[in-house]
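**Q** Return atomic coordinates for the entry below.
(2 chains)
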Protein chains: 2
Amino acid sequence: MDENEALELLGRLLPAAPPGEVWWGDDAAAVDVPGGGRQLLLALDTVVAGVDADLSLTRLSDLGWKAMAVNLSDIAAMGGTPAHAVVSVAGLGARSLPDLYEGLLEASTRYGCPVVGGDLSSGEQLVVSVAVTGWSEGHAVLRSGASPGDTIWVTSPLGAAAAGLRCLRERAAKGRAGWARDGQLSPEQEALVSAHARPVPALAEGSAAKKVGATAMIDVSDGLATDLSRLARSSGVGFELAEVPVAPGATLLEALGGGDDYVLVFTLPPPVAPAPAFEAVGLRAPIPLGACVADTGRHHLGGVPLAVAGWEHVL
Amino acid sequence: MDENEALELLGRLLPAAPPGEVWWGDDAAAVDVPGGGRQLLLALDTVVAGVDADLSLTRLSDLGWKAMAVNLSDIAAMGGTPAHAVVSVAGLGARSLPDLYEGLLEASTRYGCPVVGGDLSSGEQLVVSVAVTGWSEGHAVLRSGASPGDTIWVTSPLGAAAAGLRCLRERAAKGRAGWARDGQLSPEQEALVSAHARPVPALAEGSAAKKVGATAMIDVSDGLATDLSRLARSSGVGFELAEVPVAPGATLLEALGGGDDYVLVFTLPPPVAPAPAFEAVGLRAPIPLGACVADTGRHHLGGVPLAVAGWEHVL
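**A** Numbers count the residues shown, from 1 in each chain, chains lettered A, B, ... in the order given. I've put the predicted structure just below:
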């Protein structure tokens, strides 16, 4: 049973959301609150050492950063603003706690999402769960709102995080501590390693995409091929991509199948061009990928079926 | 480093709450929301198999119930009403997921706290993290509001969960599957085992205590001695207990030191008697334990220092 099958099983177990809310199956849950006008967002993501992060290649502080950043990215993908976080840590000696929290609190502070509680447990393996709340003005941007004809955009070139991990693995194979910043990386490699170790949640981009009228949005956590397929399936559309922007130093395979980029993919009704709205708030212009099509079986890049699957958790 | 020391370390790492909010150090965080009049509560608790639950004595469905119930108990201890939950499961094969979720969703449905999302991860050990949100009308009831002279109350007799676990261990030692309900338990033992396997969050009791004017409140998760000491330390008071109600079939040691009872302990200004308010909504009358005193070093039962420590997580 792969991750998608397990998630579908879970989707069948869980209750259905009332109209206007989204519970299971998006980047975060979006629920109505008394008073109205806004939705409360709620996301929970877990980082397991040895599964989501290799501690021989990842500093504890980077793991802490990542555990916070992946949740903030879920809020970004709904077009929301983060509010508060709670953190559960299992299987980490108290002496190592400050290292983990250093990165976690750095991300928390930078993106305005204070850690307001949580717990500590013993355990055999380091498991860090972070839950975040956020707010959406009006309804959140879901995965399911794209229509045939909508254009598809990405907020940055892809594949940097996967290429950064490859970089660290190559260095480890040569006997160098993977995470040591010893000056032996080129600036391009530094950028790739940083994209892997300290992914940046695209909060400003998510807000800009919501303001400009994004019909659907998702963050790229498991690779463009997988995550865009999720958006397409939720929306009941297919897609035809013209080209995929690849980060400098990354490969096309890393751009399509590599996870952990945490850039945002969103769709717009065809006449809308997002660049002015993004550039007005100091953000790079989103990059066009292609368009949604009515044929749900069509997942093509340059006219060819896109068979590369994203990295899947093995349950 | 024991749990209290680790929690204190964490308290030093984490940011301080603005006035009127509580972040770290209570049963749940309580934060203000735009619009005012209410506070959003946020709790996160993790259950680790082999640490918080022995899978040879606990059914997966009971572990799922407990993972939800302990979080609902945190909301109860703030005098709040649960709203939504998100669930992270690491280290459980997909085939076993329905068993875990059976109990989890049963608690979720019974106490009106739908599971609206979460994630699945692989891992070597079963780790279930549940985060819940809740609402408090006006300010939540904190651990820190008790004053010398306040009376101390508990919502039920104590020690049942610890006695239930003892029961299961005794049966396991005789070679019987600990969790099998094979009719060989007396009704009293059934009640104890049920208190251990399916703890009941005291949500109605927490609301009633808030309405009647509780000055401080905490749930008993780590044993009365430990949790009442936490309330006393947070409030800057000591306490003098007259007697401790022991659940039928439990021992005094289990009532003082056993964890996982999830009853509520709260304090009231001396003239207030809580029984009428509780009985008016069909709840049993709270049981008086004693009173808070000004001497913070005084943690006494029947005039004798209460040296029994609650069960502590080992980090």
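
**Q** and the stretch 101-250 of chain A, which residues reach chain B?
**A** A:101, A:105, A:109, A:114-125, A:127, A:129, A:131, A:133, A:135 (C-beta under 8 Å from any C-beta of the partner chain). Quick note: C-beta positions are derived from backbone N, CA and C, even for glycine.

**Q** If we use 7 Å, what do you get?
**A** Counting by C-beta under 7 Å from any C-beta of the partner chain, the residues of the stretch 101-250 of chain A close to chain B are A:101, A:105, A:114-125, A:127, A:129, A:131, A:133.

**Q** Which ones among those residues map onto strands?
**A** A:115, A:116, A:117, A:118, A:119, A:120, A:121, A:127, A:129, A:131, A:133 (DSSP state E).

**Q** from those residues, which two are the most distant?
**A** Within those, two members stand farthest from each other by C-beta to C-beta: A:121 and A:133, at 22.0 Å.

**Q** More neighbours: those two, which one.
**A** Using other C-beta atoms under 10 Å in any protein chain shown, the more surrounded residue of residue A:121 and residue A:133 is residue A:133, with 28 against 21.

**Q** Helices of the stretch 151-300 of chain A, residue ranges please.
**A** A:160-173, A:187-197, A:203-211, A:224-235, A:252-257, A:275-280 (DSSP state H, counting those that start in this stretch).

**Q** measure residue A:116 to residue B:24 for me?
**A** 7 Å (C-beta to C-beta, to the nearest Å).

**Q** Could you check which of these two has the larger neighbour count?
**A** Shown here are residue A:116 and residue B:24; by other C-beta under 10 Å, residue A:116 has more neighbours (26 against 20).

**Q** Quick one: end-to-end distance for stretch A:212-222.
**A** 26 Å (C-alpha to C-alpha, to the nearest Å).

**Q** quick one on the thing from earlier: could you save the helices of the stretch 151-300 of chain A as TSV and add columns showing mean pLDDT?
**A** Output for those, formatted as TSV (pLDDT from 0 to 100):
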stretch	mean pLDDT
helix A:160-173	92
helix A:187-197	94
helix A:203-211	98
helix A:224-235	94
helix A:252-257	92
helix A:275-280	96
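
**Q** what about chain A, any weak spots by pLDDT?
**A** A:1-3, A:176-183, A:307-315 (pLDDT under 70).

**Q** could you say which helix or strand contains residue A:6?
**A** Here residue A:6 sits within helix A:3-13, counting by DSSP states H and E.

**Q** Tell me the helices and strands packed up against that helix.
**A** If you count contacts as 3 or more C-beta pairs under 7 Å, 6 or more residues apart in numbering or on different chains; DSSP states H and E, helix A:3-13 packs onto helix B:97-110, strand B:115-121.

**Q** between it and helix A:224-235, how many degrees?
**A** If you take axes from the mean of the first three to the mean of the last three C-alpha atoms, to 10 degrees, helix A:3-13 sits at 30 degrees to helix A:224-235.

**Q** residue in the stretch 151-300 of chain A nearest to chain B?
**A** Using C-beta to the nearest C-beta, residue A:221 is the residue of the stretch 151-300 of chain A that sits closest to chain B, at 10.3 Å.

**Q** how about that residue, what does it touch?
**A** Counting by C-beta atoms under 7 Å, 6 or more residues apart in numbering or on different chains, residue A:221 touches A:70, A:73, A:227, A:259, A:260, A:262.

**Q** Taking those residues together, which two end up most distant?
**A** Across the contacts of residue A:221 (C-beta to C-beta), the longest gap, 13.0 Å, separates A:70 and A:227.

**Q** Would you mind splitting chain A into its domains for me?
**A** For chain A, automatic domain parsing gives the domain ranges A:3-137, A:141-315.

**Q** Okay, buried residues for the helix holding residue A:6 please.
**A** Going by neighbour count (16 or more other C-beta atoms under 10 Å in any protein chain shown), the buried part of helix A:3-13 is A:3, A:4, A:6, A:7, A:9, A:10, A:13.

**Q** From the ones in strands among the residues of the stretch 101-250 of chain A next to chain B, keep the buried residues only.
**A** For these, buried by 16+ other C-beta under 10 Å: A:115, A:116, A:117, A:118, A:119, A:120, A:121, A:127, A:129, A:131, A:133.

**Q** wait, which of the helices and strands packed on helix A:3-13 is closest to residue B:163?
**A** helix B:97-110 (21.1 Å).

**Q** Quick check: residue A:256 touching residue A:244?
**A** Yes. Counting by C-beta atoms under 7 Å, residue A:256 touches residue A:244, with 6.3 Å between them.

**Q** so what sits against both of these two?
**A** In contact with both residue A:256 and residue A:244: residue A:224, using C-beta under 7 Å, 6+ apart.

**Q** Show me which of the two is the more surrounded one.
**A** Taking neighbours as other C-beta under 10 Å, residue A:256 and residue A:244 compare with residue A:256 leading, 24 against 21.

**Q** Distance-wise, check the more buried one relative to residue A:4.
**A** Taken as C-beta to C-beta, the span from residue A:256 to residue A:4 is 17 Å.

**Q** Then residue A:132?
**A** Taken as C-beta to C-beta, the span from residue A:132 to residue A:4 is 24 Å.

**Q** Check residue A:282 too.
**A** Distance from residue A:282 to residue A:4, by C-beta to C-beta: 37 Å.

**Q** ditto for residue A:24
**A** Distance from residue A:24 to residue A:4, by C-beta to C-beta: 14 Å.

**Q** before we move on, what about residue A:145?
**A** 21 Å.

**Q** thinking again about what came up before, any idea which of the contacts of residue A:221 has the most stuff around it?
**A** When the contacts of residue A:221 are compared by neighbour count (other C-beta under 10 Å), residue A:73 ends up highest, at 30 neighbours.
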